[in-house]
Structure formats: C-alpha cells, structure tokens
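> the sequence and its predicted three-dimensional model are supplied below.
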Amino acid sequence: MSNAADLRKQKCRHQLTALNAEGIAQRLPAVAAWKLQDGKIVREFTFADYYDTLAYVNALAYIIHAEDHHPELVVTYNRCIVKFNTHSVNDGKGGLSENDFICAAKLDALFERSFA
C-alpha cells in the first residue's frame, strides 16, 4: 500500500500498465481528498481569489511539466479542478496508473504547503 510521502518521492515513468480495481483501491487512501470519477481521480482545490488560483496553477504547471504527466484542468475565479488519468495505458484506451497517484500526492503537498 502506498502512502502520500512515498508517492511524493517517486518520479513518473513511461510505459506503465493500468492499475486494476484493487491497485486503485490500495492507492486512493494516500490521496484521500481525491475522488474516483469516470475513470479518473479528481480533486477540486479552492482558493481565496483569482490571484491565488493562478499562483497554484502556475506552480502546478511546473510540477507536472517536470513529471511529464499532464492532467485535465478547469480553472475559475477561486477554484481549480484537476483530473488525472493516463491516456497511454490499456492499449491507448486509458486508465489510471501509478503516475496519476504520484502527481496527485505532489499537488496535495503543494496545496498544503502554500494555500491551506
């Protein structure tokens, strides 16, 4: 079972396989604020204002670029919704991989350090 600290220490890798339901269930507790939704892990981050929202999105962009694992983002005045899945697994059909949980844990840490 992975915990958040272990996930944050890892780097995203290429050529992964999709996690099965058991693998997903084992990793979700490590990123407890994230919910499983339509085959993705999803979290809504809330901020005081647009400036803080954009500051988070810019910092998030740095992290996900370094990991080469890019989520779907919805950015509004005081919210950022992040959705992770891995398009390249399951013969291109997509699914969740270890990379999704690694990045989710890193984004949680960023939020807790700077915006919580």
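Noted; the coordinates are in hand.

> could you list every helix and strand that the helix or strand containing Asp108 packs against?
Element membership for Asp108 (DSSP states H and E) is helix 98-114. Counting contacts by 3 or more CB pairs under 8 Å, 6 or more residues apart in numbering; DSSP states H and E, helix 98-114 is packed against helix 4-9, strand 40-46, helix 50-67, strand 79-84. The way it works is simple: take the backbone N, C-alpha and C, and place the C-beta from them, glycine included.

> hmm, who's touching that helix?
Residues from elsewhere that reach helix 98-114 (CB atoms under 8 Å, 6 or more residues apart in numbering): 2, 4, 7-8, 10-13, 16, 19, 27, 30-31, 33-34, 40-41, 43, 45, 55-56, 59-60, 63-64, 67, 69, 71, 82, 84-86.

> just checking: what are the partner strands of the helix or strand where Leu36 lies?
In the assignment (DSSP H and E), Leu36 maps to strand 35-37. Strand 35-37 pairs in its sheet with strand 40-46 (antiparallel), by DSSP bridges.

> list the buried residues in the strand it pairs with.
40-43, 45 (16 or more other CB atoms under 10 Å).

> which one is the residue nearest to the spatial centre of the chain nearest to, not counting chain neighbours?
Ranked by distance to the mean C-alpha position of the chain (CA atoms, centre = their mean), the top residue is Ala104 at 2.7 Å. Nearest-residue entry for Ala104: Val31, 4.3 Å, with adjacent residues in sequence omitted and distances by CB to CB, 6 or more residues apart in numbering.

> now His70
Using CB to CB, 6+ apart, the closest residue to His70 is Ile64 (5.4 Å).

> with that, I have no additional questions.
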